[in-house]
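Student: After the sequence you'll find the predicted model.
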Amino acid sequence: MIAVVVASGLAAVAWAYLLVCHGMFWRTDQRLPPAREPAAGAWPSVTAVIPARNEAAVLPTSLPSLLGQDYPGALSIVLVDDQSSDATAEVATDLGRAAGWAVGAAAPAGLRVVGGAALPAGWAGKVWAMSQGVAAAGDADYLLFTDADIAYTADAVTSLVRSAGDRGMVSQMALLRADTGWERVLVPAFVYFFAQLYPFRRVNGRGRTAAAAGGCMLVRRDALEVAGGLAGIRGARIDDVALGQLLKRAGARTWLGLTTAVTSTRPYDHLADLWNMVARSAYTQLRYSPAAVIGTVLGLAWLYLLPPAAAIAGLAWAAAGGGSTAWWLAATGLAAWALMTVSYLPMLRLYRLSPLRAPGLPLIAAMYAAMTADSARRHHAGRGGEWKGRLIDSASASE
């Protein structure tokens, strides 16, 4: 029992460290950097690149927001129809025409819908689609890599460019949909765990930590060229993190933060939808290492599950006359549980959810641990990374 008390006490120490010394990952105040107004008439050109595979259902709620931007400079859109089996290309074309944009494969400024070529060996599907979008973008100063389900406020692109300054990339974590019951349970925690893994303040500093949020990445074309282009991450299944790492290794400054001006419209109505989203890439994130999966699951159990278990068991034991050891067990468990609860409150506030949800974070962590284990199981069953008819080939995949 002394060993359990020690383990619980170490968990409390770990949570104190995470709150104070781990890049303030739990805070939600990393918003766009101070804006710099370009000189009159000197707004850089921007091309939004949208890889789209079977996205006909979500485009009507997202694409019009890009078509309706009030950006003062030249703005164009390239949508790469990644061999869709639905009406993705037709829906995008109709939306562009309805918004009054020039539409066509040869339109230098406007909306271009490009038919995606067959996937070459060694390339991840999304990165290949992004690469084709870059090739079609011409000589735009900035590339806005975005997803087909991402919607923007009318001034979002203007704000991104104003804040870019001399940075090679400015990326915003889109506000994900949290309308259904399971979305409200799991979506805020998804962003919370991502920030814990890649603390935004550290990403934005000069250190080695690098990441990005794939739904909204404004990248300077010259910075991408200096880094070697997207070919340098051609096998990446977690393309946003890989792109952030590529740019930062090449010497570019990068920035990552949160926003409410960029939102995801993709619905996750059922637990299975969210489970598949996480299980699709968790094993890839762990570099297909069974040891890393075991370590991650055990680490989550120690950091998130042991504290409430120790608190409850310690209080019950103390009530039964367990003495000082019982009280120490309860105290260390309650301390760690309280610290993790406090750390989750800002994310719940961002998603406008009740703070009463925060003490339930250990149960959510247990679900994410199960998703991680299931990701490894799927991979070894030959279904790893399955997404819209494509499977991840770990032999050629990179992070």
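Tutor: Thanks, I have it.
Student: so who does the nearest residue to Val58 once chain neighbours are set aside touch?
Tutor: Spatial nearest neighbour of Val58, excluding adjacent residues (Cβ to Cβ, 6 or more residues apart in numbering): Asp149 at 4.4 Å. C-betas here are computed from N, CA, C, even on glycine. Going by Cβ atoms under 8 Å, 6 or more residues apart in numbering, Asp149 touches Glu55, Val58, Thr61, Ser62, Gly215, Ser264, Thr265, Arg266.
Student: Give the other helices and strands that the top strand by length along the chain contacts.
Tutor: Longest strand of the chain, by residue count under DSSP state E: strand 254-264. When contacts are defined as 3 or more Cβ pairs under 8 Å, 6 or more residues apart in numbering; DSSP states H and E, strand 254-264 packs onto strand 150-152, helix 156-164, strand 169-175, helix 200-203, helix 239-249.
Student: and it, which strands flank it?
Tutor: Using DSSP bridges, the strands paired with strand 254-264 are strand 150-152 (antiparallel), strand 169-175 (parallel).
Student: ranking these by burial, who's on top?
Tutor: strand 169-175 (a mean of 26; mean count of other Cβ atoms under 10 Å).
Student: That one vs helix 156-164, what angle?
Tutor: When axes from the mean of the first three to the mean of the last three Cα atoms, to 10 degrees is applied, the directions of strand 169-175 and helix 156-164 differ by 140 degrees.
Student: Who are the packing partners of the helix or strand that strand 169-175 is followed by?
Tutor: Of the helices and strands lying after strand 169-175 in sequence (DSSP states H and E), the nearest is helix 181-197. When contacts are defined as 3+ Cβ pairs under 8 Å, 6+ apart, helix 181-197 packs onto helix 271-279, helix 324-350, helix 361-380.
Student: Distance from whichever helix or strand comes after the shortest one to the middle of the chain?
Tutor: Proceeding N to C from helix 271-279, the next assigned helix or strand is helix 282-285, under DSSP H and E. For helix 282-285, the separation from the chain centroid amounts to 13 Å (computed by Cα atoms, centre = their mean, to the nearest Å).
Student: Just the C-alphas of the helix or strand following helix 282-285, formatted as CSV.
Tutor: Later in the chain than helix 282-285, the nearest helix or strand by DSSP H and E is helix 290-300. What follows is helix 290-300, C-alpha atoms only, in CSV (Å, rounded to 0.1, in the frame of the first residue of the first chain):
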residue,chain,number,x,y,z
PRO,A,290,3.9,-1.9,-29.6
ALA,A,291,6.2,-0.8,-26.7
ALA,A,292,5.1,2.8,-27.2
VAL,A,293,1.4,1.8,-27.1
ILE,A,294,2.0,-0.1,-23.8
GLY,A,295,3.9,2.8,-22.4
THR,A,296,1.2,5.3,-23.4
VAL,A,297,-1.7,3.2,-22.0
LEU,A,298,0.2,2.7,-18.7
GLY,A,299,1.2,6.3,-18.6
LEU,A,300,-2.5,7.4,-19.0
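Student: From the contact counts, what lies against helix 290-300?
Tutor: Helix 290-300 packs on helix 361-380, going by 3+ Cβ pairs under 8 Å, 6+ apart.
Student: Now do the helix it packs on: everything it contacts.
Tutor: Residues contacting helix 361-380 (Cβ under 8 Å, 6+ apart): 185-186, 189, 193, 275, 278-284, 286, 288, 290, 293, 296-297, 300-301, 303-305, 307-308, 337, 340-341, 344, 384-386, 392, 394.
Student: which stretches of the chain aren't confidently modelled?
Tutor: Flagging of the chain using pLDDT under 70 yields the residue ranges 105-108, 384-399.
Student: The most far-flung residue of it relative to its centre in helix, strand or coil?
Tutor: Distance to the chain centre peaks in the chain at Gly321, reaching 48.1 Å (criterion: Cα atoms, centre = their mean). Under DSSP: H, G, I helix; E, B strand; the rest coil, the three-state class of Gly321 is coil.
Student: picking up where we left off before, separate out the buried members of the contacts of helix 361-380.
Tutor: Among the contacts of helix 361-380, those scoring as buried are 185-186, 189, 193, 275, 278-284, 286, 288, 293, 296-297, 300, 303-305, 307-308, 337, 340-341, 344, 384-385, 392, 394 (criterion: 16 or more other Cβ atoms under 10 Å).
Student: How is this protein divided into domains?
Tutor: Per the record, the chain has its domains at 46-269, 287-380, by automatic domain parsing.
Student: Out of those domains, indicate the one that is most buried.
Tutor: Most buried among these, counting by mean count of other Cβ under 10 Å: domain 46-269, with a mean of 20.
Student: That domain: how far from the chain's middle?
Tutor: That offset, for domain 46-269, works out to 11 Å (Cα atoms, centre = their mean).
Student: and if you look at stretch 29-38?
Tutor: The answer for stretch 29-38 is 20 Å, by Cα atoms, centre = their mean.
Student: Output that stretch in PDB with nothing but the alpha carbons.
Tutor: Only the C-alpha atoms of stretch 29-38 are listed here, as PDB (Å, rounded to 0.1, in the frame of the first residue of the first chain):
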ATOM      1  CA  ASP A  29      -4.900  32.200 -24.600                       C
ATOM      2  CA  GLN A  30      -2.600  31.500 -27.600                       C
ATOM      3  CA  ARG A  31      -4.500  33.600 -30.200                       C
ATOM      4  CA  LEU A  32      -3.200  35.300 -33.300                       C
ATOM      5  CA  PRO A  33       0.000  37.300 -32.800                       C
ATOM      6  CA  PRO A  34      -0.200  41.100 -33.000                       C
ATOM      7  CA  ALA A  35      -1.200  42.300 -36.500                       C
ATOM      8  CA  ARG A  36       0.900  44.200 -38.900                       C
ATOM      9  CA  GLU A  37      -0.900  46.100 -41.600                       C
ATOM     10  CA  PRO A  38       0.700  45.700 -45.000                       C
END
